[in-house]
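[1] predicted model and sequence follow; I will ask about them next.
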4 protein chains.
Amino acid sequence: MPAKNGSQYIERINNNLPNVWLAGEQVKGAISEHKAFKGLMATQSNMYDMQLDDKWKAKMTYASPLTGDPVGLSFMQPRMKKDLAARREMMQAWAYTHHGFLGRAPDYMNTTLMAYSTAAGVLEEKTPQYASNLRRYYEYCRENDITLSHVYIQPKAGRLASLLGFLEHPAAARVTDKNKDGIIVRGAFLLDTQGASSDEILVYPVPHSSPDADDSPYAFAFAVPSNLPSIRFICRESFVGGESAYNYPLSSRFEEMDTLVIFEDVLVPWDRVFVCGDEEMACRLFDESSFHIHSCTQIMCKNIAKTEFLLGTIETMIDAAGLGSYGHVIDKVTEVIIALETLKALQLAAEKGASANRWGIMLPNRNPILATSAYFPTIYPRMIEIIQLLGASGLIMVPDEKDFETDISGPLNLYMKGIGLSAKENIQLSRLAWELSISAFGGRQTVYERFFFGNPTSVNNRLYHGYKGRETLKQRVQDFLFHS
Amino acid sequence: MPAKNGSQYIERINNNLPNVWLAGEQVKGAISEHKAFKGLMATQSNMYDMQLDDKWKAKMTYASPLTGDPVGLSFMQPRMKKDLAARREMMQAWAYTHHGFLGRAPDYMNTTLMAYSTAAGVLEEKTPQYASNLRRYYEYCRENDITLSHVYIQPKAGRLASLLGFLEHPAAARVTDKNKDGIIVRGAFLLDTQGASSDEILVYPVPHSSPDADDSPYAFAFAVPSNLPSIRFICRESFVGGESAYNYPLSSRFEEMDTLVIFEDVLVPWDRVFVCGDEEMACRLFDESSFHIHSCTQIMCKNIAKTEFLLGTIETMIDAAGLGSYGHVIDKVTEVIIALETLKALQLAAEKGASANRWGIMLPNRNPILATSAYFPTIYPRMIEIIQLLGASGLIMVPDEKDFETDISGPLNLYMKGIGLSAKENIQLSRLAWELSISAFGGRQTVYERFFFGNPTSVNNRLYHGYKGRETLKQRVQDFLFHS
Amino acid sequence: MPAKNGSQYIERINNNLPNVWLAGEQVKGAISEHKAFKGLMATQSNMYDMQLDDKWKAKMTYASPLTGDPVGLSFMQPRMKKDLAARREMMQAWAYTHHGFLGRAPDYMNTTLMAYSTAAGVLEEKTPQYASNLRRYYEYCRENDITLSHVYIQPKAGRLASLLGFLEHPAAARVTDKNKDGIIVRGAFLLDTQGASSDEILVYPVPHSSPDADDSPYAFAFAVPSNLPSIRFICRESFVGGESAYNYPLSSRFEEMDTLVIFEDVLVPWDRVFVCGDEEMACRLFDESSFHIHSCTQIMCKNIAKTEFLLGTIETMIDAAGLGSYGHVIDKVTEVIIALETLKALQLAAEKGASANRWGIMLPNRNPILATSAYFPTIYPRMIEIIQLLGASGLIMVPDEKDFETDISGPLNLYMKGIGLSAKENIQLSRLAWELSISAFGGRQTVYERFFFGNPTSVNNRLYHGYKGRETLKQRVQDFLFHS
Amino acid sequence: MPAKNGSQYIERINNNLPNVWLAGEQVKGAISEHKAFKGLMATQSNMYDMQLDDKWKAKMTYASPLTGDPVGLSFMQPRMKKDLAARREMMQAWAYTHHGFLGRAPDYMNTTLMAYSTAAGVLEEKTPQYASNLRRYYEYCRENDITLSHVYIQPKAGRLASLLGFLEHPAAARVTDKNKDGIIVRGAFLLDTQGASSDEILVYPVPHSSPDADDSPYAFAFAVPSNLPSIRFICRESFVGGESAYNYPLSSRFEEMDTLVIFEDVLVPWDRVFVCGDEEMACRLFDESSFHIHSCTQIMCKNIAKTEFLLGTIETMIDAAGLGSYGHVIDKVTEVIIALETLKALQLAAEKGASANRWGIMLPNRNPILATSAYFPTIYPRMIEIIQLLGASGLIMVPDEKDFETDISGPLNLYMKGIGLSAKENIQLSRLAWELSISAFGGRQTVYERFFFGNPTSVNNRLYHGYKGRETLKQRVQDFLFHS
């Protein structure tokens, strides 16, 4: 199956039947009907439908280099600047359907796998079979439009265990055995977003040091179907408020479940292994694939859609409450405007400044890319804070859609109007602002954005050490001081 | 009934049967058993029990000046510095039982009513009967330990209506008629916190200007039982996560419901009227009662308890995650420490600098009081942000208590440990941090604190214009410049 | 004289002999030799020399549409996108010679006058003679490479006088008379930067309302030579530290004097009058010339050069002090990196998004332009603060160049080394950081940047009200809420 | 000589004749007449005069325990709470004479030496002679009212040298030899504030680790006269603007020179040695003397006086410019008000919470003390920023006092008025604001405050690790979670 549509997506996920636990119960039956997954899957179904919709198809797909069939454009390896533009347009179109609330929309993982695949040449040096595995897996996902999830962070107990060896049962994820069929992996990973509602799972932790760096049990990368019996997904609490799109305009559509994934002696067949044992290869594949550059390029589309949605929301709130002439309100809106203009400009700068790497892959300019990955986590929480500051008690006093079906609709209609909005619309707007800035759905979004590409220390380090051009600037100052 | 105990509190509220609506349904039966009110009422029941508990009684009550019976100490009008100390000790004790999460613990309204009562002399000038009404109502509440709520903010539509007259049915709250039995009031008020679970309701809006300032329909203050048929309470969505104290350590205990209160031609008997028609009197009673000074003194106890709870939580999180040696972590904790020391010091300064007003009431020093009311709304959201920054993904990956009763308890116990904490304890700690910084309960707390005494503009204005001593400082600078 | 060189610039200014007062003394003799003006004029002389330098000439000049002679390229009215690129390259080249420390480099006023000239058509409607005056004055300045200054702000006393009429002698700048030779103007203007060292002065205040809006004495715009006897310039204290480029690397080169200009019944000939009496025309000429868009485009070049200089300085400081591995240091540098990438990206976005206005003038996209004018005043002080935070006591302990010529050079050389820098170089670097972040020169730069395009309220209002595209975003949110 | 007066102070310093270098020249003659020292010494002379002024004497001195003569009260070892109150009143009185601009007013070092003296018992354990030296030196300074300075920081090159050993001539300060007369010390120290204008110098670096911790050349503490031939002081650039108190109201009075002090084989007599060789003793004397607690108690007085001066200045600026009704102005002033109330409250809390240590010395409560030492460095720069934001271009356009003696006084008087201030007064106020927020004097004050008790990392660590009471708070949270 090349680029799939929504019902194909739903059907495959429903047939998948992974081992998923939520609040002490195992999830049974069609996952797309489960209240914790329903809205999200409907949203993604609509996105997949766009791929085969005549109006969108040309923008959303490209001809498979293998078969000529239309496949998802976010799988495309960019080789020219126009490829970057095509990728951006495709990803921006999807981002506008979810307004930036999906951190793991399908194009995220498509892009990630595409990035890794471009650097398969690294693996060629020592383990050509792994290089071939990676390329074939990329093709497999592209040609079958596989919905992927991704894990790379371990629970703290696991990380401490391997570093310090202070727990009886070492908890760090590791290869425990190898046999003719494959490698055996045991361990746990955190925050597998959409893990329970994906076809497959890509596992690629940052390896921690081992005494034997060439044969470390902690260095590995592979992919497996998510419905293996030896894999279990433990969900966090669901933040879906309910099915009413009036009451819960965001969580009823965009709540991506995060899971803890448990691998209990999972057999990974040899043809699904990309790295095994070699720390240096694990690191080099990661670095030379320019994972951060490619995935942040996708995320920029999301962030722009999200910031536009927040600005539109804020301006609508201002209109409804008649706040547009207050200086302190204008000061706050201009912060959001500056953020949006900044994000759009950095996106443009990244694309205009692109250049090809040694694999012939067209890479956006890393400077604006890394800058945006450090910038957005600081501005998103501020925008949410601005919603709190402008919404005030209107964010707290949120009646229910059903209140409008009862006797009390009278006073609600009388007292809860906005300027230019009926009471019912005005409360709907308040509920949107409430979901953004107060609800558990909104709180999780804020924390997710804060740590999207790691904690601030890591992200700032990545920018600082990856920044190109500083020598020129230092030299300019030294010339000014010492040679003029 | 003088100072009551918990079961008396519960019984009276359950017999009250006000007209309460939640999510399109009218609340029926014992309100203390309703899942949206149960935890809060159990918490307040424990607080009332302290009043008659031998260990606490001497601290929590004082002898009624009327009967000698023990009545709640937060009703006491302070006349000496030791009265302020006694009030502080009593209120701090209650604050430690709810760790500052109740904005409308009973001592808040007891203090508010006490404050108004001290300035009844203002009403004496023109309307001695109202002065007498106010004094008697204060005594009635004190002697019967009435649980009060309070409204003073109108929905925006109502406020705009009276100011601009642009709606067909004027929506501003107002006195529509007077007759021999009392005054008739129509209108709506916002954010009556705990309104649905209180005995009575005190209504005292900030009057907006009327053409006839001596007989304005918008200037009034009165109190009525909350179960009058012409009063309806419309609840916001409940933020109680559930009954499990493990999963929802805060909302299962401290969720105070906020309501929109609708007055539909409520008859207020003449002996419950404190102000009617006279704008100037409404304003003067408010100002000369030093409402803000007294109520902020109560709130300082709450804020200290809450900040201590946050600091204890943060330090426990740091221990469990082994973060205590990171510079950026220490920087953040010291912010919280500075906040706590500041709040405690301002409390001390307010009390030490107290002086008697013209009614003989001992007033804490307004300077530190008003400073704290402007300071806390800025630091509380920052402390919550610090919890997000330290908790990171641990705040998102929150399994359920029930997960520990199933097969998956094995991997949870293995992988989710903290330093010095079992996995179950560690997740419980995470759920506390999650409720504080991500859940709807936590979000509402943050917005509530931001706007506790009004929007920042009002609060800063109150501090700026109420600040004593600036002339001395200006003179010092002018002497330095022009006379030295 | 078409595009002039440095010595022509110096000679003309020296012959000009305006009436300039500094610290109670009238400035006599060649102004280019006066210690308060010498360094600045030498810097600008070098800039003018570039115009006729073979290496630079093609970039710095263009063929006059009138004569074909090379004239300064910043006078060019942009009609195509490539004109914007040429203007940017020219202005960026000059900005790199002064590293952004000149707020009134010649291209600033060249651009300003060019902007006004493009909207002369506005004046055509009622006063074609004024339109013609403006066009001819623009040509005159372009063809003779006139060095201009500019005033538009009045001292507060003057502004209050006209608004409130509370002073005996009305102090607001105004036209006091008109006769056959021209108009008579009296008043004072603030902050005429480089006023005392320019050929001419362009006067164009924001008119305040007058009872007669069609014949207001407060609505005028004109240009006059700066050496009229009835014009006096009162300088502020000079912030040139001294002539040593070692001790004062910045102020010895880049100190632009600000002046208070006094007009005492100045006769402005009719052919130098652009607006007189008509408030609406004064406003429309200002708005429709897109003054802010054009001048901010020039300022973007300055801001990028300045931010690059700060980043180069900060990185050199980090190297010299060995701070590059501290997390809190990296956090601070990344702030500066993000600022630089943001400014460069916004510059790109403005140029790429340009479109022609009704006069056929190619205008950069106003959204990123206005965003940058609100953004830079917030980030510049933060970058200077970062220098203080990284420099610490090294910024205070600044010995003198002459100390190295004495006995004490021994211990200085021993104890004051940096990593990779001799003591003398290390102290030179510290003196640069000191001038940026502590000296009066640096302090004035910070305040100048904070208020470059007005106070924050005005700048934010301009962005808020001038922002294009918000309706689309509001509609998207409303469609999402009410129509999906 | 017990408590001295101003002329005795001046005379002794002038006779002292230390070896001082400023801008490549050795300072000759009476230092009190030198323009870089004159104003500061006049200010301190006035302060010393207060000690013997009948109006102040009782507050400023106490009876020497040795002779009964009046000696400076800041030398007093506090043993009762009333001693703390007396010390505070004395120090606050001096602070009001310099409005907090002196970081090294005499009471700072008097307090520091007093603190060390209280812990002489530590030295008793191993080196009773040193304990006796310290006690006698304290008495000597107290009985002779010695004006002291203090060094403890080494230039970076010196610190790196000893740590890394990478320079040929080790630059770290150290004991190079010992003989029958004393110890020989070589090295350099940074930022000896007022070093060139003090009688003696106390040397007490933080020892860095040595291979032989019991006999480290880097562990020492001693005091010597500042006029030894083997000691040289190298001044930084002077930030005295000039002698006019109109033009330079602050720097003409309060500019404390900072120096680099060079010790070239200085012989320290044995009776002036307090620590020599023993790292642990050096650390313990420092810690157990509670140096930070005592000195920060003195500094709190300074900080309060300074904040009051800033608030008075800001309010005067607001009056003069008519800004008092703007919301954004009120927001900024309230920040300063909150800071002042916080500082005053923390001072009160420290004193009220005092308790005696094992030496019987009454110690203020460390929690508010350490909190204030971390808080003030963050708020001082913000208050200066607020002056910039409110002063705007008025801070840049600063004419000279002499301008009022010339022809141009006419327009100045007309145009530069403030509300309620003549032009001359208004400019004087602007010059004050300019010196605070723009001048090199002001810049040095800001950096000095930022790093007063070390860099933020050290200060926050000191607060974090020194904070008392956290266990109670953690336990409260754990009881709430796990035992309720």
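    That came through fine.
[2] up against chain B, what does the stretch 201-350 of chain A have?
    A:232, A:234-237, A:247, A:258, A:260, A:262, A:264, A:321-322, A:328 (C-beta under 8 Å from any C-beta of the partner chain). Where you see a C-beta, it was placed from the backbone N, CA and C, and this is true even at glycine.
[3] swap in 7 Å and give it another go.
    A:232, A:234, A:236-237, A:258, A:260, A:262, A:321, A:328 (C-beta under 7 Å from any C-beta of the partner chain).
[4] restrict these to contacts with chain D.
    Among those, chain D is touched by residue A:328 when using C-beta under 7 Å from any C-beta.
[5] could you find the closest non-adjacent residue to the closest residue to chain D within the stretch 101-250 of chain A?
    Closest contact between the stretch 101-250 of chain A and chain D, by C-beta to the nearest C-beta, is at residue A:237 (17.4 Å). For residue A:237, ignoring the flanking residues on the chain, the nearest one in space by C-beta to C-beta, 6 or more residues apart in numbering or on different chains is residue B:398 at 5.5 Å.
[6] picking up where we left off before, can I take it that the residue of the stretch 101-250 of chain A closest to chain D is in a helix?
    No - counting by DSSP: H, G, I helix; E, B strand; the rest coil, residue A:237 is not part of a helix but coil.
[7] what's the neighbour count on it?
    24 (other C-beta atoms under 10 Å in any protein chain shown).
[8] quick one: residues in contact with stretch A:89-97.
    Under the criterion C-beta atoms under 7 Å, 6 or more residues apart in numbering or on different chains, residues A:46-47, A:56, A:59-60, A:73-74, A:105, A:107, A:298, A:301-302, A:305 lie in contact with stretch A:89-97.
[9] now the residue of the stretch 101-250 of chain A closest to chain D: how far from residue B:248?
    Counting by C-beta to C-beta, to the nearest Å, the separation of residue A:237 from residue B:248 is 10 Å.
[10] could you report the pLDDT at the residue nearest to residue A:237?
    Listed pLDDT for residue B:398 reads 93.
[11] that's a helix at it, yeah?
    No - secondary structure of residue B:398 (three-state DSSP): coil, not part of a helix.
[12] correct me, but it touches residue B:431?
    Yes - Residue B:398 is within contact range of residue B:431, at 5.3 Å (criterion: C-beta atoms under 7 Å).
[13] these two touch, right, residue A:353 and residue A:365?
    Yes - counting by C-beta under 7 Å, residue A:353 touches residue A:365, with 3.1 Å between them.
[14] could you check how far residue A:59 is from chain D?
    Noted for residue A:59: a distance of 46 Å to chain D, by C-beta to the nearest C-beta, to the nearest Å.
[15] still on that earlier bit, residue contacts, the residue nearest to residue A:237?
    A:236-237, B:427, B:430-431, B:434.
[16] strand partners (parallel or antiparallel) of the longest strand seen in chain A?
    With DSSP state E setting the assignment, residue counts place strand A:259-269 as the longest strand in chain A. Strand A:259-269 sits in its sheet next to strand A:182-189 (antiparallel), strand A:231-235 (antiparallel), going by DSSP bridges.
[17] quickly compare these and say which is most buried.
    strand A:231-235 (a mean of 24; mean count of other C-beta atoms under 10 Å in any protein chain shown).
[18] show me what the helix or strand just after that one is packed up against.
    With elements assigned by DSSP states H and E, the helix or strand that comes after strand A:231-235 is helix A:251-254. Secondary-structure packing of helix A:251-254 (3 or more C-beta pairs under 7 Å, 6 or more residues apart in numbering or on different chains; DSSP states H and E): helix A:38-52.
[19] give the buried residues for the helix or strand that the helix it packs on is followed by.
    Next along the chain after helix A:38-52, taking DSSP H and E as the criterion, comes helix A:57-60. Buried positions in helix A:57-60, judged by neighbour count with 16 or more other C-beta atoms under 10 Å in any protein chain shown: A:59-60.
[20] for helix A:57-60, packing partners?
    helix A:38-52, helix A:81-98.
[21] now do residue A:166, the pLDDT please.
    What the model reports as pLDDT for residue A:166 is 46.
[22] next one: the longest strand of chain A to chain centre, how far?
    With C-alpha atoms, centre = their mean, to the nearest Å as the basis, strand A:259-269 stands 22 Å off its chain's centre.
[23] tell me the buried residues in it?
    A:259-264, A:266, A:268.
[24] what's the closest of the residues you listed to residue A:201?
    Nearest to residue A:201 out of those is residue A:261 (C-beta to C-beta; 7.0 Å).
[25] my understanding was that the closest one contacts residue A:191; is that so?
    No - the pair residue A:261 and residue A:191 fails to qualify as a contact (C-beta under 7 Å) at a distance of 9.1 Å.
[26] now the strands paired with strand A:259-269 in CSV, with mean pLDDT and distance to residue C:357?
    Below are the strands paired with strand A:259-269 laid out as CSV (pLDDT from 0 to 100; distance: least, C-beta to C-beta, whole Å):
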stretch, mean pLDDT, distance to residue C:357
strand A:182-189, 96, 56
strand A:231-235, 98, 56
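[27] after the helix or strand containing residue A:458, which helix or strand is next?
    Assessed by DSSP H and E, residue A:458 sits inside helix A:456-466. Per DSSP H and E, the first helix or strand lying C-terminal to helix A:456-466 is helix A:470-482.
[28] which parts of that following helix are buried?
    Applying 16+ other C-beta under 10 Å to helix A:470-482 flags A:470, A:473-474, A:476-478, A:480-481 as buried.
[29] surely residue A:424 and residue A:405 touch.
    No - counting by C-beta under 7 Å, residue A:424 stays clear of residue A:405, with 10.7 Å between them.
[30] which residues in the stretch 301-450 of chain A form strands?
    Using DSSP state E, counting those that start in this stretch, the strands found in the stretch 301-450 of chain A span residues A:355-356, A:362-363.
[31] model confidence over the last one, on average?
    To tie it back to what came earlier, the one meant is strand A:362-363. Rounded mean pLDDT across strand A:362-363 is 98.
[32] so residue A:177 is in which element?
    strand A:174-179.
[33] now the angle from that strand to strand A:182-189?
    160 degrees (axes from the mean of the first three to the mean of the last three C-alpha atoms, to 10 degrees).
[34] and strand A:174-179, which residues are buried?
    For strand A:174-179, the buried set under the neighbour-count rule, 16+ other C-beta under 10 Å, comprises A:174-175.
[35] and it, how far out from the chain's middle?
    30 Å.
[36] what does stretch A:52-71 give?
    23 Å.
[37] quick one: end-to-end distance for that stretch.
    One end of stretch A:52-71 sits 10 Å from the other (C-alpha to C-alpha, to the nearest Å).
[38] what's in contact with that stretch?
    So stretch A:52-71 is contacted by A:2-3, A:5, A:50-51, A:72-73, A:76, A:89-90, A:93, A:139, A:142-143, A:145 (C-beta under 7 Å, 6+ apart).
[39] next, the buried residues of that stretch.
    Result for stretch A:52-71 [16+ other C-beta under 10 Å]: buried residues A:52, A:56, A:59-62, A:64, A:70-71.
[40] next: stretch A:122-140.
    Neighbour counts over stretch A:122-140 (16+ other C-beta under 10 Å) mark A:122-123, A:127, A:130-131, A:133-135, A:137-139 as buried.
[41] of the buried residues of helix A:470-482, closest to residue C:16?
    Nearest to residue C:16 among these: residue A:480, at 30.4 Å, using C-beta to C-beta.
[42] if we can go back for a sec, what helices or strands is the strand holding residue A:177 leaning on?
    Applying 3+ C-beta pairs under 7 Å, 6+ apart, one finds that strand A:174-179 contacts strand A:182-189.
[43] try it again with 10 Å
    On a contact count with 3 or more C-beta pairs under 10 Å, 6 or more residues apart in numbering or on different chains; DSSP states H and E, strand A:174-179 meets helix A:156-164, strand A:182-189, strand A:220-225, strand A:259-269, strand A:273-276.
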